[in-house]
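In: no sequence for this one, just the structure:
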Ligand code: BG6
């Protein structure tokens, strides 16, 4: 189902006609955000909604309802939205856009247990339909901890807000984490599917909304030169890195007990692995894309020796640039005896003809050397080097590096002759594609793309239950193993993780790339 109205039906005066990147416009609808005063909503969701409005991709009648416990008036809530939009929006703040958006902003005060509050929500939504013409189309964004999903879902069902009807849709957007293991993910899914039709559930993995992540598919399947070498004949191994320089300050309640692997590997990194390793989909329709991702996730094989092929760490005090920072156990709100890992690295193998014998190394951590996410496809050495051995001493392995963020682009590493001299000395050089230099437009934020896709009912960028379950099946045995180990190995903040992780690759005769 696609609910877009074309620009032929409605020409939005705010939209720049030269901007062709997201040419789809949502039809009449509204969004209700639960957990609207939280960090994610303030920094990402509200600014993304504003940016969509600013780019002319939301209908003029768009409604935005915040549901929260705080005893605020509607005007107070509007000030809150405005403040956060100004602080975090990507596109310039324009009074004209704000005035139009603000006219559709509503606030419902209440707790998730309060039936009356949900009746008020139901009346608010009905009022938006009547006065703003949202035509019964409403999305509910659960920006709340998973423990609150069941009660919110039930309340929405009880007040009749959860079911789509003839010509009007209802959709629910669920933020990660989808449980903390396979069993809890299944339980959660059961609750959600009792209330919402499976086709109206959109699970967010915001990495899939990133332009550079979608570019993996363009790079692989729009070009002739990569696919012939994208396999075990040429590839030595693949490294997928998601490093952050920030700690967990402010998110202790969520992070402690969850840790790096559940927070990042289970979702973002396994999705990156799937897109890097999957076969070409028949089309980019959701069902075709998901079929390939599911197939490759099903082919993941865990190492037999988890002690040798996984590593965990926890950051200790250190320096982040010129700032001295505390260790994880000294962070506010963290249990001083916590065994939660802030760094995780694992080796996975894929049982397919294309990837037999090619390890995929995944690593993520907080308080590392710098913020960088990249996928490095590292190639085997040329089978024969017709040079003197001293000439290729500094030649590494060829690599294609997809730079997901920051400095988005693609780098190729290969050997080139050092100019001058009489000998054929070869050294590594880089060839770069940079989004910033090649395109004049800046990329939309992941949440802009994903929220718009929900409003359009466009599902390819949302992981399915099956993918979520498969990801937990991969992670659960590792988590079980780690839970028997006690304290993770400490690493100094600002470094590249624990020694254990270096040893893990050294055992395979390899080393981590320094991004
Ligand atoms: C979230 C994690 O999913 O991704 C956070 O819960 C992490 O811990 C964040 O900081 C990173 O997102 P990005 O887009 O900045 O790489």
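Out: Arrived safely, thanks for sending. Every value quoted in this text rests on a predicted model; they were computed, and no experiment measured them.

In: centroid residue for this protein?
Out: Centroid-nearest residue in the chain, with CA atoms, centre = their mean: residue 207, separated by 2.4 Å.

In: going along the chain, name the strands of the stretch 1-150 of the chain.
Out: For the stretch 1-150 of the chain, the strands defined by DSSP state E, counting those that start in this stretch cover 30-34, 63-68, 105-109, 138-142.

In: still on that earlier bit, quick one: the residue nearest to the centre of the chain and residue 447 touch, right?
Out: No - in terms of CB atoms under 8 Å, residue 207 does not count as a neighbour of residue 447; the distance is 11.3 Å. Every C-beta, even on glycine, is put in place using the N, C-alpha and C of the backbone.

In: quick one: the residue lying closest to residue 315 once chain neighbours are set aside from residue 254, how far?
Out: Closest residue in space to residue 315, ignoring its immediate chain neighbours: residue 367 at 4.0 Å, by CB to CB, 6 or more residues apart in numbering. Distance of residue 367 to residue 254, computed by CB to CB, to the nearest Å: 17 Å.

In: which residues touch residue 77?
Out: Applying CB atoms under 8 Å, 6 or more residues apart in numbering, we find residue 77 in contact with 66, 68, 105, 107.

In: could you give the bridge partners of the second one?
Out: So that's residue 68. Taking DSSP bridges, one obtains residue 109 as the residues bridged to residue 68.

In: hmm, the helix or strand in which residue 272 is found in reach of the ligand?
Out: Taking DSSP states H and E as the definition, one finds residue 272 inside helix 270-277. No - using CB under 6 Å from any ligand atom, helix 270-277 never reaches the ligand; the gap is at least 11.1 Å.

In: wait, residue 500 sits on residue 489?
Out: Yes - in this structure residue 500 lies within contact range of residue 489 using CB under 8 Å: 4.9 Å.

In: mutual contacts of the two, please.
Out: Contacts common to residue 500 and residue 489, judged by CB under 8 Å, 6+ apart, are 311, 312, 313.

In: list the contacts of the helix or strand where the first one lies.
Out: Under DSSP H and E, the secondary-structure element containing residue 311 is strand 310-316. Residues from elsewhere that reach strand 310-316 (CB under 8 Å, 6+ apart): 247, 260-261, 303, 327-329, 338-347, 365-367, 478, 481-482, 485, 487-493, 497-498, 500-501, 503-504.

In: ok, stretch 175-195 next?
Out: Under CB under 8 Å, 6+ apart, the answer for stretch 175-195 is 40, 141-144, 146, 149-150, 153-154, 156-157, 162, 172, 174, 201, 203-205, 258, 262-263, 266-267, 465, 468-469, 472-473, 475-476, 479.

In: write the ChimeraX selection for whichever of those are buried.
Out: In ChimeraX, this line selects whichever of the contacts of stretch 175-195 come out buried by 16 or more other CB atoms under 10 Å:
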select :40,141,142,143,144,146,149,150,153,154,156,162,172,174,201,203,204,205,258,262,263,266,267,465,468,469,472,473,475,476,479
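
In: what about the contacts of stretch 175-195, which are in strands?
Out: Among the contacts of stretch 175-195, the ones falling in strands (DSSP state E) are 141, 142, 172, 174, 201, 203.

In: could you pull out the strands for the stretch 201-350 of the chain?
Out: Using DSSP E, counting those that start in this stretch, strands in the stretch 201-350 of the chain cover 201-203, 235-243, 300-301, 310-316, 318-320, 323-325, 343-350.

In: between these, which gets nearest to residue 458?
Out: Residue 458 sits nearest to strand 201-203 of all these, at 9.5 Å, using CB to CB.

In: which residues of the stretch 101-250 of the chain lie near the ligand?
Out: 206, 244.
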